[in-house]
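In: Dropping a prediction and its sequence here:
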Amino acid sequence: MDRHILLISRNAEERKIYESAIRALDVEVTAAPSLKGLSEKVKDLFLNGVVMDMPTKIMALKNDREFIYTTLRKFPVAHLTLGKETGKIRIFYPGQPPGATLKDFINGECRAFTPRRLAHHIRKVLHFNVLLSRHREMADCEKTVSVDVSEGGCFIFSAQEWVKGDMVWLKIMELSHDDPIGARVKRCFRWGEDMRVPGIGLEFDEMSPLQRRELEKRLWG
């Protein structure tokens, strides 16, 4: 079993049925009743895909919309329903062929997907006040805010011109340790393009252990 799927289903009995069906396809599965309170062990997993039953998805959209649209979209995701009378599993996922099955999703979408660590991609909407500079000495700072933040990086609003690969420095004013944090530009969205918030997606490159611990506390409480 060299592929790993995260299963999320509120109903314990149905969760067991889904889990058994996934294991029968020769893949590993980790099951959870909801998105909230995922253990550190689960957050640290490298996953090839996620399956969630529809009742859980509907509930999650009320409470965890941010998680669904910023994290789960990084993986192949399918939604399941279980026929009450037939016990048949139905599956729904983008681009599925007619009559698609759970097996089609696992073999066609998940097996070829390079596994990603779940926690690394969990982004939360956090609007930190940020000083952004091209210089370690924090000269010529742009006063701005973060749009979302993860353990590994953040997206910063900016109307300046940036190039993928640029090294930048930032101070997050809400952190008690205000040493400049070094980060690398991974993606850029220019002002006026595609009706998107202009700015830069950053991957943290230089951050003190104290800053990292404080950031994690802000993310996970």
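Out: Noted; the coordinates are in hand.

In: So the protein: which segments form each domain?
Out: Using automatic domain parsing, the domains assigned to the chain come out as 4-121, 129-220.

In: Going by mean pLDDT, which of those comes out lowest?
Out: In terms of average pLDDT, domain 4-121 trails the rest of the domains of the chain, at a mean of 87.

In: Endpoints of stretch 4-20, how far apart?
Out: Using Cα to Cα, to the nearest Å, one end of stretch 4-20 lies 14 Å from the other.

In: Each with direction, which strands does whichever strand or helix holds residue 31 pair with?
Out: Assigned by DSSP states H and E, residue 31 falls within strand 28-32. Sheet pairing of strand 28-32 (DSSP bridges) gives strand 4-8 (parallel).

In: ok, then the element right after the strand it pairs with?
Out: Immediately after strand 4-8, counting by DSSP H and E, sits helix 12-23.

In: Check which helices and strands that following helix is in contact with.
Out: In terms of contacts (3 or more Cβ pairs under 8 Å, 6 or more residues apart in numbering; DSSP states H and E), helix 12-23 is packed against strand 4-8, strand 28-32, strand 49-53, strand 77-82, strand 89-92. The way it works is simple: take the backbone N, C-alpha and C, and place the C-beta from them, glycine included.

In: Could you tell me how far the residue nearest the centre of the chain is located from residue 124?
Out: Closest to where the C-alpha atoms of the chain average out (Cα atoms, centre = their mean) is residue 71, at 2.1 Å. Look at residue 71 and residue 124: by Cβ to Cβ, to the nearest Å, they are 9 Å apart.

In: Same check on residue 83?
Out: On the measure of Cβ to Cβ, residue 83 and residue 124 end up 36 Å apart.
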